[in-house]
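A.B. asks: Fold the following and give me the result.
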Amino acid sequence: MPSLADRSADLVIRRARVRDDAPLTDIAIREGRIVAVATDLDVDAVQTLDVGGRATLPGFIEAHIHLDKALLARARPSVSGTLDEAIRVTGELKARRDRADMLERASRVIEMAVQHGTTTLRAHPDVDPIQGLLGVEVMLELRERYRDLVDLQIVAFPQEGLFKAPGTEALLIEALRLGADVMGACPYNETHWDDTVRHIDRVFEIAARFGVDLDMHADFADDTRDPRFAAVSQIARKTIEMGYEGRVSLGHVTSLGAVPPDQLGALVDALRRADIHIVTLPATDLYLGGRTDTHARRRGLTPVRDLLDGGVNVAYASNNVRNAFTPFGNADMLHVGNLLAHAAQLGTPADQARVLEMATTRAARAIGLRDYGIAVGNPADLVVLDGMRVDEALLDLPPRSWVIKRGRIAVTTRHCCELHRAHALQDTSQ
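C.D. replies: Residues are numbered from 1 along each chain as shown. Prediction:
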């Protein structure tokens, strides 16, 4: 672990506003990690960046995004706006297996995300007999192409189900062998509850075999009348049985919002005991939720406040960008956080601080990063906002002035609004 014992650093960020109730702070970085956080650091640096009191946060983490399906709205816009239509239309589009098109669309979204301060993404490419392994292969190529700018985790995601789509299991195993980082799941996309249970059991077995974490799409509905969309208890039990506490994330979980208060507490406690992470996806969930309601329309969010207050780790993410699932978005975590704060009524100063955590330190936990944040020893992944207060980030949605990835300036927008590859940057101290 690098230290500041010899008073030298690769990069020193001067006069950063890390906390609103503390003096401006210097951050020294060496070998991609933070080695000192203090006021008026006495250190010799190869490179110095004076941010002039701007709010400085850990780099944003996009904990759940579908890069392979992004920006498909122009090719096939939604007509009804329903989940069933989105799955059907996207299935037809992905059957084309157009590698060049997927590379171009996914690259555009990665660059959007990086310019908006995201330093890590967890992508969920579809793995099924329709698309085969194309999504995983493209993500592997992009992971290498953008490695100086962003870390890309790859989830092997069976969108079409396991038993409903024969041949998917073999493809998932091959995806993990190729280099996918995480085992995905979609247990509600089976034909009946028994296969949902089998789906859950099988993905745990495969994950354990390869020693990888699990990230499931789960309980994506407005109510719990269909047991396929009420699988939280089953997943929590299986997590503990397999010794996978802390290694399972669930995306959506919207039907949990329809559970009566006298039942919700037990489910929240089960998630807490299993140390399962919940990733709410407000743009998609709000757009698709309550479609069949004729009045008093439900808004389709997981009960974020109840989960947080119950000790469950919650993060948020974009999920989809401009396709039939979500026709909006620009991969900006502050925009999504602002939407979530409105929809989940997280508007007090304390709640807004929690929303920022849900895009940074809480999101890091949800994707398996245990040492994250502005502290000595942690990776030097940072975003400097063009605003002077941390507590106004969700209010002002300020431009991102600089993005730091592994201790190197990956993005500079305050002066030139241009994306730079980290290895091509000139030394700003000269």
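A.B. asks: and residue 139, what is it in contact with?
C.D. replies: Residues in contact with residue 139 (Cβ atoms under 8 Å, 6 or more residues apart in numbering) are 67, 68, 106, 123, 125, 152, 154, 180. C-betas here are computed from N, CA, C, even on glycine.
A.B. asks: My read is that the fifth one contacts residue 152, right?
C.D. replies: Pointing back at residue 125 there. No: using Cβ atoms under 8 Å, residue 125 is not in contact with residue 152; the gap is 10.6 Å.
A.B. asks: Spit out the contact partners of residue 277.
C.D. replies: Contacts of residue 277 (Cβ under 8 Å, 6+ apart): 248, 249, 250, 312, 313, 314, 315, 365, 366.
A.B. asks: Looking at the residues you listed, which is nearest residue 12?
C.D. replies: Using Cβ to Cβ, residue 365 is the member of these that lies nearest residue 12, at 28.1 Å.
A.B. asks: That closest one: which element?
C.D. replies: Per DSSP states H and E, residue 365 falls inside helix 361-366.
A.B. asks: coming back round to it: tabulate the contacts of residue 277 (CSV), appending secondary structure, pLDDT and neighbour count.
C.D. replies: Listed next are the contacts of residue 277 as CSV, based on DSSP: H, G, I helix; E, B strand; the rest coil; pLDDT from 0 to 100; neighbours: other Cβ atoms under 10 Å:
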residue, secondary structure, pLDDT, neighbour count
248, strand, 99, 26
249, strand, 99, 27
250, strand, 99, 28
312, coil, 98, 23
313, coil, 98, 23
314, strand, 98, 28
315, strand, 99, 27
365, helix, 98, 20
366, helix, 98, 29
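A.B. asks: which one of those residues sits closest to residue 381?
C.D. replies: residue 365 (14.6 Å).
A.B. asks: how near is the nearest residue to the closest one once chain neighbours are set aside to residue 270?
C.D. replies: Distance criterion Cβ to Cβ, 6 or more residues apart in numbering; nearest residue to residue 365, sequence neighbours excluded, is residue 313 at 5.3 Å. Counting by Cβ to Cβ, to the nearest Å, the separation of residue 313 from residue 270 is 14 Å.
A.B. asks: ok, now residue 363?
C.D. replies: 22 Å.
A.B. asks: Those two: who's more crowded?
C.D. replies: A direct count of neighbours by other Cβ atoms under 10 Å for residue 363 and residue 270 places residue 363 higher, at 30 against 19.
A.B. asks: could you show me where the strands are in the stretch 301-430 of the chain, in order?
C.D. replies: 314-316, 382-385, 400-405, 408-412, 418-419 (DSSP state E, counting those that start in this stretch).
A.B. asks: Could you single out the most deeply buried of those strands?
C.D. replies: strand 314-316 (a mean of 28; mean count of other Cβ atoms under 10 Å).
A.B. asks: the helices in the stretch 1-150 of the chain, which residues?
C.D. replies: Assigned by DSSP state H, counting those that start in this stretch, the stretch 1-150 of the chain shows helices spanning 83-94, 99-115, 134-145.
A.B. asks: tell me what the lengthiest strand in the chain is packed against?
C.D. replies: Taking DSSP state E as the criterion, the chain has its longest strand at strand 8-16. Contacts defined by 3 or more Cβ pairs under 8 Å, 6 or more residues apart in numbering; DSSP states H and E place strand 8-16 against strand 25-30, strand 44-50, strand 382-385.
A.B. asks: quick one: which of the ones you listed is nearest residue 80?
C.D. replies: Per Cβ to Cβ, nearest to residue 80 of these: strand 382-385, 37.6 Å.
A.B. asks: if we can go back for a sec, highest mean neighbour count out of the helices and strands packed on strand 8-16?
C.D. replies: Highest mean neighbour count among those (mean count of other Cβ under 10 Å): strand 382-385, a mean of 26.
A.B. asks: partners of that strand in the sheet?
C.D. replies: Paired strands of strand 382-385, with direction, are strand 56-58 (antiparallel), strand 400-405 (antiparallel) (DSSP bridges).
A.B. asks: Show the average pLDDT along that strand.
C.D. replies: The average pLDDT within strand 382-385 is 98.
A.B. asks: now that strand, how far from the centre of its chain.
C.D. replies: Centroid separation between strand 382-385 and its chain, computed with Cα atoms, centre = their mean, to the nearest Å, is 17 Å.
A.B. asks: Could you give the number of residues near the residue nearest to residue 224 when sequence neighbours are not counted?
C.D. replies: Using Cβ to Cβ, 6+ apart and skipping the chain neighbours, the partner closest in space to residue 224 is residue 230 (4.0 Å). Here the number of neighbours of residue 230 (other Cβ under 10 Å) works out to 22.
A.B. asks: quick one: contacts of stretch 302-314?
C.D. replies: By Cβ under 8 Å, 6+ apart, stretch 302-314 touches 252-254, 256-257, 259, 264-265, 268-269, 271-272, 275-280, 285, 340, 344-346, 351, 354, 358, 362, 365-366.
A.B. asks: Would you mind checking those residues for buried ones?
C.D. replies: Among those, those buried by neighbour count (16 or more other Cβ atoms under 10 Å) are 252-254, 256-257, 259, 264, 268, 271, 275-280, 285, 340, 344, 346, 351, 354, 358, 362, 365-366.
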